[in-house]
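1. Got a sequence here, can you build the structure:
(2 chains)
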Amino acid sequence: MYAFIFFLTFLLIYTIFAVYAERKISAFIQDRYGPMEVGYYGLLQTVADLLKLIQKEDIVPAAADRKLFKPGPIVVFVAVFAGFAVLPLTSGFQGAEVQIGLFYLLAIISLDVVGILLSGWGSNSKYALFGAMRSVAQIISYEIPLGLSILCVIMISQTLSLQEIIYQQGIYAQNIDQEAVNYLFGIKALGVETTNVGGFLTWNIFRAPIFFVAYLIFFIASLAECNRAPFDIPEAESELVAGFHVEYSGFRWALIMLSEYGLMLLVSFLGAILFLGGWNSPLPNIGSVALADWTTGEPGTVAGHLWGAFWLIGKALLTVAVQMWIRWTYPRLRLDQLMNLSWKYLTPAAIILVLLSALWRLLMI
Amino acid sequence: MEWGTTIFYVFGAITLLSALFILFTRNILYAAFSLILTFVGVAGIFVLSGAEFIGVTQLLVYVGGILVLIVFGVMLTNRVKGQKVVSPVYQKFVGSIVGIGLFMLLMKGILEANFGAMQWMKTNEQQTSLKRFGMTLMTDYVVVFEVIGILLLVALIGAVYMAGKRKGVNDAS
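-> Residues are numbered from 1 along each chain as shown, chains lettered A, B, ... in the order given. Presented below is the predicted three-dimensional model:
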C-alpha cells in the first residue's frame, strides 16, 4: 500500500518535471531558451499547463465509438502503472515481492497495446487509426529483442525475482545466498574476487561484459516500446498529427502523456535494475577506503533505504535524460527501416547474446 | 469476508460478465475486447489460486500476444468499407442445445471428479516453487516441451513462407 501511494505521487511529480526537462533539454540542443515565463526559468510552466488541461472540456468526437474511446487512456495508464507494483525501490521497499517479478513486468508492458488499440480505433479518425496500427506493430516487434535481452540477464542471474537480481550485483550478495561469489568480469579463472569490492565492478554489465551489447539492445528496444524518437513513427507529427491520441483533449490527453512518461520511467528503472546494479552504489571499496560500504547502507536500515532509493532513482532519471537527449538528436526512422532494425539486426544479435550468456555462465562457476 | 476472497469473486464476476457479453453482443470488435477482459479475469483467478506463473503466462501469451493479433485482424478487415462488422446469428436452437448440453456435461464431470478428495490435493503443497516447475519441465516432461518447441518453429516458418515474397505473385507491382 505504501508503495502504491509512493509511486503514484512520485510518478505525478516526476512527470511534471520530466515534461519541463524535456522542453529545456530540447531548447538547449536547438539553441533556444525554452519555457521562461512561469516561475524562475519557467519552472512552473508544466504546473500551469496541467491546470489548463484539467479545466479543459472532455471532448468526444461525434462519430467516435464512445464505449471504446472513453476507457482507452485509462487502460493505457493502468497497464503502465501496474508495472510499478513489483519494482523494488530499495532493499526493503517493494510493492509486491513476487518470485516472478521480471516475467510479470514483461507481460504488463505488453498490455498497454490494448489501450492504444482501444483509443486508436474508438477515435474513428484515420490519423488515430494509422497511429494505433503503427504503434501496435512496432511494440509487438520490439518486444522480441526486449524479451531476449532480458532473457540474457535471467541466464546469468538464474532468477526471476527483481530483488534477488539486485542483491547479486552488490556487496550484500551473500545476504540472500551464502555462497554467492562475484569475480572480476565474471571469469573465475582470472581469480580476482570482487564480492566485497562491490561498486560498478559487480554490476551485471561488468559481471558479464557482453551485457554492454545486451543493454544497448534493451535500451533501443525500450525506446521503441515507449514510442519515443527515433521510433516515434506512430505519432509522427508531420504526417499523423499526433498518432493514436490525436482526438483526445483535457484530462484524458493528460493521462496519455502521463503514461508515456511513466513508461519511460518504468523501462529506465528496469534497465537500471537489470544491468546497472539497481540500488547498489557505483563506488567500489578501494582498500581501506570502503566507498561501497559507506554509500550503500545495510539492508533494512534507514541508511540502506535512503542510499538505495537515491542510487536507483538517480540511475533511472539519468536514463530518462539520455532518452530525451536521443529524442532531440536523431531523426525519425522510416517504417521499413524500423522493422528492418528489429527483425534483421536486433533480434539475431539478441539470440546470439542469449547463447553467449549461457557460455558466460559456465565461466562464472 | 477476507480480502483475498472478495477479490477472487470480483475477478470471477469480471470473467463471467465479459464472457456473457461476448455471447450476446453482435459487434465483433466489442466481443474481441471483451475476450481480453475475460482472459484478464482468468489470469486474476490463477494468481489468487497461487498459480502466479500460469496467471502471468496467461497475460503474456493470450492478452499480450494472440488477442492483440485477433483485434488487429478484425480491425484491418473491418472499416475498409466504412461499416461495422456485425456477426450474424445462425442455428439459434441447435446452438443453444449444444451449448447447454456441453455445459451440463462439464458440470457433471467436475462435480463427479470431486477434486477436493484427490490425493495430491491433500498433500497440501501450497508453495509452487518456480525452480521445481522448471526442473520438472526439463526432466519429466522434456519430450513434450521439445515437441511443442518444434511445432512452434514449424508454425513460424510456415507463417514467414506464406507472408514472404514469392516470384510471380507479388511481382505485379
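
2. Spell out which residues of chain B are next to chain A.
-> B:29-30, B:33, B:36, B:52-53, B:56-57, B:59-60, B:63-65, B:67-69, B:71-72, B:75-76, B:79, B:130 (CB under 8 Å from any CB of the partner chain). C-beta coordinates here come from the backbone N, C-alpha and C atoms, glycine included.

3. When you filter those down to buried only, what's left?
-> Neighbour-count burial (16 or more other CB atoms under 10 Å in any protein chain shown) is assigned, among those, to B:29-30, B:33, B:36, B:52-53, B:56-57, B:59-60, B:63-65, B:67-68, B:71-72, B:75, B:79.

4. could you pull out the strands for chain A?
-> A:285-286, A:289-290 (DSSP state E).

5. Report all helices and strands that the first one contacts.
-> The elements that strand A:285-286 packs onto, with contact taken as 3 or more CB pairs under 8 Å, 6 or more residues apart in numbering or on different chains; DSSP states H and E, are helix A:291-296.

6. average pLDDT for stretch A:327-334?
-> What stretch A:327-334 shows for mean pLDDT is 83.

7. re the thing from before, keep only those of the residues of chain B next to chain A that are in helices.
-> Counted as lying in helices by DSSP state H, out of those, are B:29-30, B:33, B:36, B:52-53, B:56-57, B:68-69, B:71-72, B:75-76, B:130.

8. per-residue confidence for residue A:272?
-> 90.

9. Nearest residue to the residue in chain A that chain B sits nearest to in space, please, no chain neighbours.
-> Chain A approaches chain B most closely through residue A:110 (3.4 Å), counting by CB to the nearest CB. Closest residue to residue A:110 apart from its sequence neighbours, by CB to CB, 6 or more residues apart in numbering or on different chains: residue B:64 at 3.4 Å.

10. Need the pLDDT of that neighbour.
-> For residue B:64, the pLDDT comes out at 72.

11. Tell me which residues are up against stretch A:240-250.
-> A:53-59, A:61, A:64, A:69, A:73, A:116, A:119-120, A:123, A:125, A:127-128, A:130-132, A:134-135, A:227, A:234-236, A:253, A:256 (CB atoms under 8 Å, 6 or more residues apart in numbering or on different chains).

12. Show me what counts as buried in that stretch.
-> Here stretch A:240-250 shows A:240, A:242-248 as buried, counting by 16+ other CB under 10 Å.

13. Among these, which lie within helices?
-> Judged by DSSP H, helices contain the following of the buried residues of stretch A:240-250: residue A:240.

14. okay if I get the buried residues of stretch A:240-250 as a markdown table plus distance to residue A:212?
-> As requested, the buried residues of stretch A:240-250 are exported to a markdown table (distance: CB to CB, whole Å):
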| residue | distance to residue A:212 |
| --- | --- |
| A:240 | 35 |
| A:242 | 35 |
| A:243 | 33 |
| A:244 | 34 |
| A:245 | 35 |
| A:246 | 39 |
| A:247 | 42 |
| A:248 | 40 |
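
15. Present the buried residues of stretch A:240-250 as CSV; the columns should include pLDDT and distance to residue A:327.
-> Formatted as CSV, the buried residues of stretch A:240-250 follow (pLDDT from 0 to 100; distance: CB to CB, whole Å):
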residue, pLDDT, distance to residue A:327
A:240, 71, 17
A:242, 73, 15
A:243, 75, 15
A:244, 79, 18
A:245, 80, 17
A:246, 78, 19
A:247, 79, 24
A:248, 83, 21
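
16. Widest-spaced pair of the buried residues of stretch A:240-250?
-> Pairwise distances across these (CB to CB) peak at 13.9 Å, for the pair A:240 and A:248.

17. next one: phi and psi at residue A:195?
-> phi -50, psi -40 (degrees, to the nearest 10).
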